[in-house]
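In: generate coordinates for the sequence data below:
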Amino acid sequence: MIKFTKKHLNYIYLASVYILIFLQYPTWIAINDLLLHKPGANILPQYLLLWGLVRILIVLPLLFTLMNAEGIKSEKINLTFIKSKSIVYLTFWGTIAFTILGLFLYPWFIHSTNLTPLLLLEYLPIFILFATTNAFVEETFFRGAGLTFIQEKIGFWPANVIQAFLFALIHIINPFTANPWPFVILTFFLGLFWGWLTKRTKSLVPAIAIHVIADFFVAISMF
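Out: Below you'll find the predicted structure:
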């Protein structure tokens, strides 16, 4: 058993963390219902930030433990800083494009009209911190460790499709809409795009930056 675990540690890590990420949403809803006596969809911004921090505490320690145990360097899973003009270029124009796209699609995702301009200003730091932590964790796991380890076995494009499918699957449990499938389909194609972007730049920076913009619009649409 120990020999099997050591041999397949990468994939045991991927499966374990994915299950934890997948279970976070129903667990969160249950906590809201049972302990906070709030409907699952009625999430306060402060709890949203807590959600992002909990994800960091779940995913990153396990990742760095795996990297240390296996001797995996950060460059292998694309945890590299901006080292070229192309990365800067793609990061800058990608965030601009997704900001415009977010403004266009925002009415589609809007959950309520409770968020006034003053409230948006008040909660802005929380939304930004949530979007940043959530994007960093998901990109590090899906487009970093996940894509890297899977493509070692089956090649980039099959691995990219698998990680994008798994990424989309965690968005099925969504209390903010009666029909989550349009959002699930959207996240699948976003996962494909961010996987390709990571492969091209050999860095998670552009995908994380663009993902932050996407998650920011998702966060403000909840209120």
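In: contact partners of stretch 160-174?
Out: 18, 21-22, 25-26, 29, 138, 142-143, 146-147, 150-151, 154, 180, 183-185, 187-192, 195-196, 199 (C-beta atoms under 8 Å, 6 or more residues apart in numbering). C-beta here means a position set from N, CA and C on the backbone, and glycine is covered the same way.
In: just want the most central residue of the protein.
Out: Central residue of the chain (C-alpha atoms, centre = their mean): E138, 2.9 Å from the mean position.
In: which regions of this protein sit below the pLDDT cut-off?
Out: The model of the chain has pLDDT under 70 over residues 1-8, 25-46, 81-83, 106-115, 174-178, 223.
In: for it, what spans make up the helices?
Out: Here the chain has its helices, by DSSP state H, at 2-7, 9-34, 45-70, 85-109, 117-138, 147-154, 156-169, 181-201, 205-221.
In: was I right to think L9 contacts L66?
Out: Yes. If you go by C-beta atoms under 8 Å, L9 and L66 touch, sitting 6.5 Å apart.
In: in terms of neighbours, single out the busier of these two.
Out: The residue with more neighbours, out of L9 and L66, is L66; 20 against 15, by other C-beta atoms under 10 Å.
In: the residue found closest to Y18 once you drop the neighbours it is linked to in the chain: neighbour count?
Out: Of all residues not flanking Y18 in the chain, L166 sits nearest, at 6.4 Å (C-beta to C-beta, 6 or more residues apart in numbering). By the criterion of other C-beta under 10 Å, L166 has 19 neighbours.
In: for S74, see how far away L166 is.
Out: L166 sits at a distance of 22 Å from S74 (criterion: C-beta to C-beta, to the nearest Å).
In: for I172, same thing?
Out: 31 Å.
In: go on, A219?
Out: From A219 to S74 the distance is 28 Å (C-beta to C-beta).
In: try F167
Out: For F167 relative to S74 (C-beta to C-beta), the value is 21 Å.
In: what's the answer for L119, then?
Out: 39 Å.
In: one more: R55?
Out: 19 Å.
In: okay, the two: which has more neighbours?
Out: R55 (20 against 13).
In: touching, the more buried one and A135? I think so.
Out: No. Using C-beta under 8 Å, R55 is not in contact with A135; the gap is 10.3 Å.
In: what sits in contact with each of those two?
Out: By C-beta under 8 Å, 6+ apart, R55 and A135 have no common neighbours.
In: which residues sit against stretch 125-136?
Out: Residues contacting stretch 125-136 (C-beta under 8 Å, 6+ apart): 45-46, 48-49, 51-53, 55-56, 120, 208, 211-216, 218-220.
In: and if we set it to 6 Å?
Out: Identification of contacts with stretch 125-136 by C-beta atoms under 6 Å, 6 or more residues apart in numbering yields P45, L48, L49, G52, I56, I208, H211, V212, D215, F216, A219, I220.
In: of those residues - the most surrounded one?
Out: H211 (27 neighbours).
In: list the contacts of that one.
Out: A135, E139.
In: and the contacts of stretch 160-174, which are buried?
Out: 18, 21, 25, 29, 138, 142-143, 146-147, 150-151, 183-184, 187-188, 190-192, 195-196, 199 (16 or more other C-beta atoms under 10 Å).
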